[in-house]
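K.L.:
the following block contains a protein sequence and its predicted model.
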Amino acid sequence: DVDQRNNIHAVYGDYRTSAEGVFAGGDCRRGQSLVVWAINEGRGLAEKCNDYLLQRREDESIASRSSGAFANLSSMSPRV
(Lines give C-alpha, C1' and ligand atoms only; values in the text may rest on other atoms or scores of the structure.)
Protein backbone atom coordinates (compact mmCIF):
# COMPACT_ATOMS: atom_id res chain seq x y z
CA ASP A 1 0.00 0.00 0.00
CA VAL A 2 1.15 3.54 -0.68
CA ASP A 3 -0.05 6.88 0.59
CA GLN A 4 -1.19 9.90 -1.45
CA ARG A 5 2.47 10.81 -2.17
CA ASN A 6 3.34 7.25 -3.30
CA ASN A 7 5.33 6.55 -0.16
CA ILE A 8 5.07 3.07 1.31
CA HIS A 9 2.36 3.03 3.98
CA ALA A 10 3.63 1.79 7.34
CA VAL A 11 2.43 2.69 10.81
CA TYR A 12 4.76 5.20 12.46
CA GLY A 13 6.67 3.64 15.33
CA ASP A 14 5.75 0.11 14.24
CA TYR A 15 7.02 0.31 10.63
CA ARG A 16 4.95 -2.70 9.47
CA THR A 17 3.46 -2.61 6.02
CA SER A 18 0.34 -4.47 4.91
CA ALA A 19 2.57 -7.34 3.70
CA GLU A 20 3.44 -9.91 6.38
CA GLY A 21 7.06 -9.55 7.53
CA VAL A 22 7.74 -6.42 5.44
CA PHE A 23 8.75 -3.20 7.17
CA ALA A 24 9.40 0.29 5.77
CA GLY A 25 11.13 3.35 7.17
CA GLY A 26 13.10 6.41 6.20
CA ASP A 27 12.63 8.02 2.81
CA CYS A 28 10.51 5.21 1.36
CA ARG A 29 7.98 5.68 4.18
CA ARG A 30 7.99 9.41 4.74
CA GLY A 31 9.45 10.77 1.51
CA GLN A 32 12.59 12.79 1.07
CA SER A 33 13.59 14.13 4.45
CA LEU A 34 16.54 14.94 6.64
CA VAL A 35 19.11 12.17 6.95
CA VAL A 36 18.76 12.44 10.73
CA TRP A 37 15.13 11.27 10.47
CA ALA A 38 16.12 8.38 8.20
CA ILE A 39 18.84 7.26 10.63
CA ASN A 40 16.44 7.47 13.56
CA GLU A 41 13.77 5.50 11.70
CA GLY A 42 16.38 2.96 10.62
CA ARG A 43 17.25 2.28 14.23
CA GLY A 44 13.60 1.99 15.24
CA LEU A 45 12.85 -0.20 12.25
CA ALA A 46 15.76 -2.52 13.07
CA GLU A 47 14.42 -2.92 16.61
CA LYS A 48 10.90 -3.74 15.35
CA CYS A 49 12.26 -6.22 12.79
CA ASN A 50 14.29 -7.91 15.51
CA ASP A 51 11.23 -8.10 17.79
CA TYR A 52 9.20 -9.58 14.92
CA LEU A 53 11.83 -12.22 14.13
CA LEU A 54 12.28 -13.18 17.78
CA GLN A 55 8.52 -13.56 18.16
CA ARG A 56 8.31 -15.73 15.04
CA ARG A 57 11.11 -17.95 16.33
CA GLU A 58 9.35 -18.30 19.68
CA ASP A 59 6.00 -19.07 17.98
CA GLU A 60 7.63 -21.69 15.76
CA SER A 61 9.38 -23.24 18.74
CA ILE A 62 6.10 -23.51 20.64
CA ALA A 63 4.35 -24.97 17.60
CA SER A 64 7.06 -27.57 17.05
CA ARG A 65 6.94 -28.64 20.70
CA SER A 66 3.17 -29.06 20.63
CA SER A 67 3.19 -30.98 17.35
CA GLY A 68 6.27 -33.12 17.92
CA ALA A 69 6.46 -36.90 17.92
CA PHE A 70 5.28 -37.18 21.53
CA ALA A 71 2.55 -34.53 21.42
CA ASN A 72 -0.37 -36.98 21.27
CA LEU A 73 0.81 -39.70 23.63
CA SER A 74 -1.94 -38.92 26.11
CA SER A 75 -4.51 -40.25 23.63
CA MET A 76 -2.62 -43.56 23.52
CA SER A 77 -2.50 -44.16 27.27
CA PRO A 78 -4.82 -46.84 28.65
CA ARG A 79 -7.97 -45.64 30.33
CA VAL A 80 -8.39 -46.82 33.88
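P.N.:
Looks like it arrived, so ask away. Numbering: from 1, shown residues only.
K.L.:
nearest residue to the middle of this protein?
P.N.:
The residue lying closest to the centre of the chain (C-alpha atoms, centre = their mean) is Y52, at 3.4 Å.
K.L.:
which non-adjacent residue is nearest it?
P.N.:
With C-beta to C-beta, 6 or more residues apart in numbering as the criterion, Y52 has its nearest non-adjacent residue at 6.9 Å, and that residue is G21. All C-beta atoms are positioned from the backbone trio N, CA, C, and that covers glycine.
K.L.:
rewinding a little: what sits against the residue nearest to the centre of the chain?
P.N.:
Residues near Y52 by C-beta atoms under 8 Å, 6 or more residues apart in numbering: 16, 21, 23.
K.L.:
and what of N7?
P.N.:
With C-beta under 8 Å, 6+ apart, N7 has these contacts: 28-31.
K.L.:
which of those residues ranks first by neighbour count?
P.N.:
R29 (22 neighbours; other C-beta atoms under 10 Å).
K.L.:
and the gap between the residue nearest to the centre of the chain and G26?
P.N.:
17 Å (C-beta to C-beta, to the nearest Å).
K.L.:
what helix or strand is the residue nearest to Y52 located in?
P.N.:
Per DSSP states H and E: G21 is located in neither a helix nor a strand.
K.L.:
look up the closest residue to F23, ignoring the ones flanking it.
P.N.:
Once flanking residues are discounted, F23 sits nearest to Y15: 4.4 Å by C-beta to C-beta, 6+ apart.
K.L.:
and L45, by the same measure?
P.N.:
Among residues not flanking L45 along the chain, G25 sits closest, at 3.8 Å (C-beta to C-beta, 6+ apart).
K.L.:
mind checking the SS state of that neighbour?
P.N.:
Classification of G25 by DSSP: H, G, I helix; E, B strand; the rest coil places it in coil.
K.L.:
next, work out how far apart the residue nearest to F23 and S64 are.
P.N.:
When distance is defined by C-beta to C-beta, Y15 is 28 Å away from S64.
K.L.:
since we're on the residue nearest to L45, how many residues are nearby?
P.N.:
Residues contacting G25 under the criterion other C-beta under 10 Å number 22.
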